[in-house]
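# no FASTA, just this:
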């Protein structure tokens, strides 16, 4: 597979995962299951994390660490939803896992934006400057809030 094609595929599924994940988390706040969109979110998140390892690399970088962490978090998240059907503690395990993998995708997305968009790259060329850190900390705080609210509110009615 040509590297350009892999890049387009990886970027596209990453964006789909983020968009679907945002809608799924929003739905959790209203106790909505969104079965099909949830499956899309989890499948594209899994594919995003896995395809990140197909790029040629000479060292294990932060993106690889985030991808590996995402894959680890996806295991109990998928088990909670599909094996244990959100019963008892598996409901909050699912919610926390889903919000966490979405946040990890967004973290990488922000890093990519700061690395590729000239205006943002000028603000934080090493991605250790205050604008980058403020962006990442703001997103982290938002996801902690969303996750806490989702754990409290997501009590979906079991499908008939």
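On my side now, so go ahead. Since the model is a prediction, treat every value here as computed from it, not as a measurement.
# hey, let's count contacts and neighbours off CA atoms from now on
OK.
# residues in contact with residue 150?
Shown in contact with residue 150 (Cα atoms under 8 Å, 6 or more residues apart in numbering): 25, 28-29, 95.
# for the one helix or strand it maps to, the distance to its chain's centre please.
Following DSSP states H and E, one finds residue 150 within helix 130-153. In terms of Cα atoms, centre = their mean, to the nearest Å, the centre of helix 130-153 is found 12 Å from the chain centre.
# list the buried residues for that helix?
Across helix 130-153, burial judged by 16 or more other Cα atoms under 10 Å covers 132, 136, 139-140, 143-144, 146-151.
# check stretch 5-25 too.
10-11, 13-18, 20-22, 24-25.
# nearest to residue 50 among those?
Distance to residue 50 across those (Cα to Cα) is lowest for residue 10, with 9.3 Å.
# could you find the closest non-adjacent residue to the closest one?
The shortest distance from residue 10 to any non-neighbouring residue, by Cα to Cα, 6 or more residues apart in numbering, is to residue 48 (5.9 Å).
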